[in-house]
Each structure stands twice: as structure tokens, then as C-alpha cells.
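K.L.:
this one's sequence-less:
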């Protein structure tokens, strides 16, 4: 079955950096758009970034644009989220996701997600 396993979360400082990884198995990784979402305490889960099947295009939420970069390594079945210039409001559980029914990165999350990882907690101190 499809499994998505996130890693790399932890405690970061405002202005600092963290890199999240998501290792995928049970699917033909290079065939699918991948994405990252996050859920802050007391808030709904929200879209962070997505990347096309071969990594040629990516999209990100306005709140992280210019600070976070999504990338993927299809040889390693892994998607990454490089988070720079962290802010306390970035504190959240970050989830990796895959949508098996879309071809474009900009469509990630519009009609739900097929699989989620269990999430990794990122805490940013001021």
C-alpha cells in the first residue's frame, strides 16, 4: 500500500532553516504530483506547496512564497520542503500528500488528497 513518511521536523528559531523530507513507497513516485500541507494548533489544515511529476513546476501558498521551496528526487522517491527564514507562525504539523488523479501541481488539494503521511511537527521559537 502507499506509504508516505515525513522526517526532519523539530525545533527551529525565527530566521532559521529546516528541511523536511517525505519518503514514498507503494506507488510509481514519478507519476504523481506531490505536495505539503500543514496544520497549526486550533486551525484547519492548509496547503503549503506542490510540485509536478518531474519537478518542472511548483506552486506555493502566499504565506510561504519566497521562503519555502519544494523539490523532489524521483530516483530516491522523496519530496523535500526547504524552509528558510522561519517565523513563529510556521509552527504546525507538516504533512506530505499525494493526489493520484491530477496532472498539474496547481490542482493539488482542490478535490481532496488520496494519501497523507502521519506528519512531522515543526516548532519555531521567536
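P.N.:
Perfect, thanks for sending it. All of these numbers come straight from a predicted model, not from anything done at the bench.
K.L.:
Where does the closest residue to residue 106 other than its chain neighbours sit, in terms of helix or strand?
P.N.:
Closest residue in space to residue 106, ignoring its immediate chain neighbours: residue 59 at 5.1 Å, by C-beta to C-beta, 6 or more residues apart in numbering. The C-beta positions use only the backbone N, C-alpha and C, and glycine is treated the same way. Using DSSP states H and E, residue 59 sits in strand 58-60.
K.L.:
For that strand, name the packing helices and strands.
P.N.:
Contacts defined by 3 or more C-beta pairs under 8 Å, 6 or more residues apart in numbering; DSSP states H and E place strand 58-60 against strand 46-51, strand 68-73.
K.L.:
10 Å instead?
P.N.:
strand 33-39, strand 46-51, strand 68-73 (3 or more C-beta pairs under 10 Å, 6 or more residues apart in numbering; DSSP states H and E).
K.L.:
State the pLDDT value of the residue nearest to residue 106.
P.N.:
Looking at residue 59, its pLDDT reads 96.
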